[in-house]
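> No sequence on hand, only this structure:
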């Protein structure tokens, strides 16, 4: 599981956050999950605004 987290962080260029502390990573992951949930509930409007 930790390797997957590192891979995702590296993919998003946020690997330095991992070195800065687990709290930043947890906040980022929580924010991403919340944003994805908002995006899916928002529907097409949120999707078009991101593109």
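Perfect, I can see it now. Since the model is a prediction, treat every value here as computed from it, not as a measurement.

> Any stretches of the chain with poor pLDDT?
By pLDDT under 70, the weakly predicted segments of the chain are 1-2, 9-20, 43-51.

> Can you show me the helices along it?
Ranges of helices within the chain are 2-11, 15-20, 22-42, 44-50, based on DSSP state H.

> How much space separates residue 28 from residue 3?
17 Å (C-beta to C-beta, to the nearest Å). Backbone N, C-alpha and C define where each C-beta goes, glycine included.

> ok, the two, which is more surrounded?
Each of residue 28 and residue 3 had its neighbours counted (other C-beta atoms under 10 Å), and the higher figure belongs to residue 28 (16 against 7).

> Next one: that one relative to residue 7, how far apart?
Counting by C-beta to C-beta - residue 28 and residue 7 are separated by 15 Å.

> and residue 3, what is it in contact with?
Residue 3 makes no contacts at all, as judged by C-beta atoms under 8 Å, 6 or more residues apart in numbering.

> and residue 25, how many neighbours?
18.

> can you check residue 4 too?
Neighbourhood size, residue 4 [other C-beta under 10 Å]: 8.

> Same check on residue 41?
Residue 41 has 8 nearby residues by other C-beta under 10 Å.

> With residue 22 instead?
For residue 22, using other C-beta under 10 Å, the count is 9.

> could we number from 44 for the rest of this?
Will do, 44 is the new start, and the previous item becomes residue 65.

> Residue 48 versus that one, what's the distance?
Distance, residue 65 to residue 48, using C-beta to C-beta: 10 Å.

> Then residue 71?
Separation of residue 71 from residue 48 (C-beta to C-beta): 10 Å.

> Which residues are in contact with each of the two?
Counting by C-beta under 8 Å, 6+ apart, residue 71 and residue 48 have no shared contacts at all.

> From start to finish, how long is stretch 49-67 in a straight line?
Using C-alpha to C-alpha, to the nearest Å, one end of stretch 49-67 lies 13 Å from the other.

> residues touching residue 51, list them.
By C-beta under 8 Å, 6+ apart, residue 51 has no neighbours at all.

> From residue 84, how far out is it?
23 Å.

> and what of residue 70?
From residue 70 to residue 84 the distance is 21 Å (C-beta to C-beta).

> Kind regards, and thank you for your time.
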